[in-house]
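*Asks:* For reference, the sequence and a predicted model appear below.
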Amino acid sequence: MFGIPGKQAVTLTPAAATQISRLMQRAGHSGLRIGVKKGGCAGMEYTMDYVSDTDPNDEVVEQDGARVMIAPMAQMFLFGTEIDYQTSLLESGFKFNNPNVAEACGCGESIKFNDMTLPTGN
């Protein structure tokens, strides 16, 4: 596990925890796995997948009924990130407030990190 002992890698706003919990209940999954992969106009992008089982190498964050699993290769990229869920007139979705991001594209879905390379996998 990457990070500081006793400190969660990511935090969830109340809106994000509510939405993740709602998705878990509706879909019957045990949580949401978050990772990063190469792609997008800035070089990397976030991934989110429903999961039924926890990988023993995942870092598990549980907050207010929501469960998020962080893929092993993404832990160093996501440490310190706050995940929010925002709803507007035109769209709704998760927003990552990640202090490790050096650049983001206009859509906010593609990101770049300083001096970090992504190993193969999520």
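*Replies:* Cool, the structure landed.

*Asks:* Let's verify the residue of the chain positioned farthest from its centre: helix, strand, or coil?
*Replies:* The outermost residue of the chain relative to its centre, with distances by Cα atoms, centre = their mean, is residue 89 at 23.7 Å. At residue 89 the chain is in coil, as set by DSSP: H, G, I helix; E, B strand; the rest coil.

*Asks:* What distance do you get for the most centrally placed residue in the chain to residue 84?
*Replies:* Per Cα atoms, centre = their mean, the C-alpha nearest to the average position across the chain is that of residue 34, at 4.0 Å. Look at residue 34 and residue 84: by Cβ to Cβ, to the nearest Å, they are 13 Å apart. All C-beta spots, glycine's among them, are computed from the backbone N, C-alpha and C.

*Asks:* Repeat that for residue 62.
*Replies:* For residue 62 relative to residue 84 (Cβ to Cβ), the value is 17 Å.

*Asks:* Those two: who's more crowded?
*Replies:* Taking other Cβ atoms under 10 Å, residue 62 and residue 84 do not tie; residue 84 has more neighbours (17 against 13).

*Asks:* can you list the residues that contact the helix or strand where that one lies?
*Replies:* Assigned by DSSP states H and E, residue 84 belongs to strand 81-87. Residues from elsewhere that reach strand 81-87, judged by Cβ atoms under 8 Å, 6 or more residues apart in numbering: 9-13, 15-16, 18-20, 34, 68, 92-100.

*Asks:* same check, this time on stretch 62-74
*Replies:* 8-12, 14, 16-18, 20-21, 24, 30-36, 47, 51, 54-55, 57-61, 78, 83, 118-122.

*Asks:* Just the terminal-to-terminal distance for that stretch.
*Replies:* Counting by Cα to Cα, to the nearest Å, you get 17 Å between the two ends of stretch 62-74.

*Asks:* average pLDDT for it?
*Replies:* In this model, stretch 62-74 carries a mean pLDDT of 91.
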